[in-house]
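Peer 1: sequence-free structure coming up:
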């Protein structure tokens, strides 16, 4: 699992939701949960849908916050957003 510090997250405001993104090895990854909240879509159903697709490479990213807490985020490549949402 890839680990990133909270300070490495990029925050993009869409509607009333802040979508977290991070660049890993030159690839921009986007939080599945936050995209679902912005649209809105059911997060669990969308994660299941993505995991069933051959191209739906959901990547777990562990974010290390400034206070030392860890949280896991399901992320997908920004390049796959049109396939997922289209």
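Peer 2: That came through fine. Please read these numbers as outputs of a predicted model, since none were measured by experiment.

Peer 1: Do me a favour and get the end-to-end distance for stretch 21-37?
Peer 2: Its first and final residues considered, stretch 21-37 spans 14 Å by CA to CA, to the nearest Å.

Peer 1: Residues touching it, excluding its own?
Peer 2: 2, 4, 8-12, 17-20, 41-43, 46-47, 50, 58-59, 61, 73-79, 81, 85 (CB atoms under 8 Å, 6 or more residues apart in numbering). C-beta here means a position set from N, CA and C on the backbone, and glycine is covered the same way.

Peer 1: Can I have the buried ones of these as a PyMOL selection?
Peer 2: Entered in PyMOL, the line below selects the buried ones among the contacts of stretch 21-37, by 16 or more other CB atoms under 10 Å:
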select buried, resi 4+9+17+19+20+46+47+50+58+61+73+74+75+76+77
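
Peer 1: Inside strands: which ones of the contacts of stretch 21-37?
Peer 2: When DSSP state E is applied, those are split such that 2, 4, 10-12, 17-20, 59, 61, 73-77 fall in strands.

Peer 1: Can you say which two of those are spatially most distant?
Peer 2: 2 and 17 (23.1 Å; CB to CB).
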